[in-house]
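[1] just coords:
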């Protein structure tokens, strides 16, 4: 097709320019020139040549003639439709990770027909995956990914310009940056089995938030095994449920103080306050939240569990406007932990599900937010450490987090220890625990 030929020639010119311009040489590795020069033209030609036959085999092509005709007065002759017509395939445009094509549907067809044929498209075009969306009525956009961008672990520190309360934690399945934005989605739930990459994701998040003017508060009831690596950067750290109850109570007092300040200034949230008067945002990191809910039958344990449950729920309900954000990590987080856990889960708008061993765990994380993502989460294997399905609203995507080693975590904590804001309401024992 002429359009594809023009794109191919432009791709050749771009790559030659990158090669022969010395000041652009550093950008050469960032351009997937092999895909633009070889992969994209071959795939585009394959799509064009197989489109009509593929539509016939998947029953997407329709005939513009009836499959029966009336002869004479009462003689009806039936037969096969002649030359069924495939939906019109629009321009095939390349992207960094694959290509896109716009398709015009026949009258009576819906995007569901194309969605059902997505797996057939994947095999016929020999690409990694095909997604189908419908941005405009009567048309669908087919998005093909050439190779799995999550096929190998991601190392190193992501290069980006950080913004307050945003963290670049990895890459999504379509090649885009995986960014956690607490201003947009204030609270997150992270679910995954042991060694699925859940703790690594949490460490990467802390590493990205450490250079920012943010208070990090940790609750790690496994003796601080995970979050103590960032101890020098944490404003407070609780390593058992008793300390966690006191820390959460202090956070509720902090929330009450921020509400009083907002009322006094006529503001609906801390973000409406002047920069000089705005309190520092707080991100509360809870590793293995089930340790806060499980009880051994003693009266003291029941009381502490009830206090922690009520405090987390209260922070989830009020925290977004007050700059207090929750990140809840768990292997399972459902009704077996009590009604408080179920109510808290409803406040966690961001969901991340790593490899799990049963369908119920995936449904706990994704079922009420994006039911279609449950099947995708179940397909994550144990060898794909760090790969997860993340959902916000009704949209979901596969993603993989950057690897953060324990050494990198300790170095990050030492480098940014001077940025740790004091939180007087936490008390000396919790603050000292975080500074270790």
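    That came through, no problem. As the structure is a computational prediction, the values presented were derived from the model and not from experiment.

[2] any idea which helix or strand carries the residue nearest the centre of the chain?
    Centroid-nearest residue in the chain: residue 390, 3.6 Å away (criterion: Cα atoms, centre = their mean). Assessed by DSSP states H and E, residue 390 sits inside strand 387-392.

[3] so which residues make contact with that strand?
    With contact meaning Cβ atoms under 8 Å, 6 or more residues apart in numbering, strand 387-392 is reached by 150, 172, 178, 185, 192, 196-197, 201, 349-355, 366, 369-370, 373, 376-377, 380, 396-401. C-beta: built from backbone N, CA, C; applies to glycine.

[4] who's in contact with the closest residue in space to residue 347 that isn't next to it in sequence?
    Nearest non-adjacent residue to residue 347, counting by Cβ to Cβ, 6 or more residues apart in numbering: residue 316, 3.3 Å away. Going by Cβ under 8 Å, 6+ apart, residue 316 touches 187, 326, 344, 347, 348.

[5] give me the pLDDT value at residue 316.
    Per-residue pLDDT puts residue 316 at 95.

[6] what average pLDDT does stretch 408-417 get?
    Mean predicted lDDT for stretch 408-417 stands at 94.

[7] nope, stretch 349-360 is what I was after
    On average, stretch 349-360 scores 91.

[8] quick one: end-to-end length of that stretch, please.
    Taking Cα to Cα, to the nearest Å, stretch 349-360 runs 19 Å from one end to the other.

[9] same check on stretch 366-374?
    6 Å.

[10] now the contacts of residue 316 in JSON lines, with neighbour count, distance to residue 231 and secondary structure?
    Formatted as JSON lines, those follow (neighbours: other Cβ atoms under 10 Å; distance: Cβ to Cβ, whole Å; DSSP: H, G, I helix; E, B strand; the rest coil):
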{"residue": "187", "neighbour count": "23", "distance to residue 231": "24", "secondary structure": "coil"}
{"residue": "326", "neighbour count": "25", "distance to residue 231": "20", "secondary structure": "strand"}
{"residue": "344", "neighbour count": "26", "distance to residue 231": "26", "secondary structure": "helix"}
{"residue": "347", "neighbour count": "20", "distance to residue 231": "28", "secondary structure": "coil"}
{"residue": "348", "neighbour count": "20", "distance to residue 231": "26", "secondary structure": "coil"}
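
[11] turn these into CSV, including distance to residue 248.
    As requested, the contacts of residue 316 are exported to CSV (distance: Cβ to Cβ, whole Å):
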residue, distance to residue 248
187, 14
326, 10
344, 12
347, 15
348, 16
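
[12] which one of those residues is nearest to residue 254?
    Relative to residue 254, the closest of the contacts of residue 316 is residue 326; by Cβ to Cβ it sits at 13.7 Å.

[13] quick one: that closest one from residue 129, how far?
    32 Å (Cβ to Cβ, to the nearest Å).

[14] what's the burial count for residue 137?
    Residue 137 has 7 neighbours, counted by other Cβ atoms under 10 Å.

[15] tell me which element it is part of?
    For residue 137, there is no host helix or strand (DSSP H and E).

[16] give the helix, strand or coil label for the residue nearest to residue 347.
    Assigned with DSSP: H, G, I helix; E, B strand; the rest coil, residue 316 falls in the helix class.

[17] what does the average pLDDT come to for the strand holding residue 390?
    89.

[18] quick one, what contacts residue 307?
    245, 248, 249 are the contacts of residue 307 under Cβ under 8 Å, 6+ apart.
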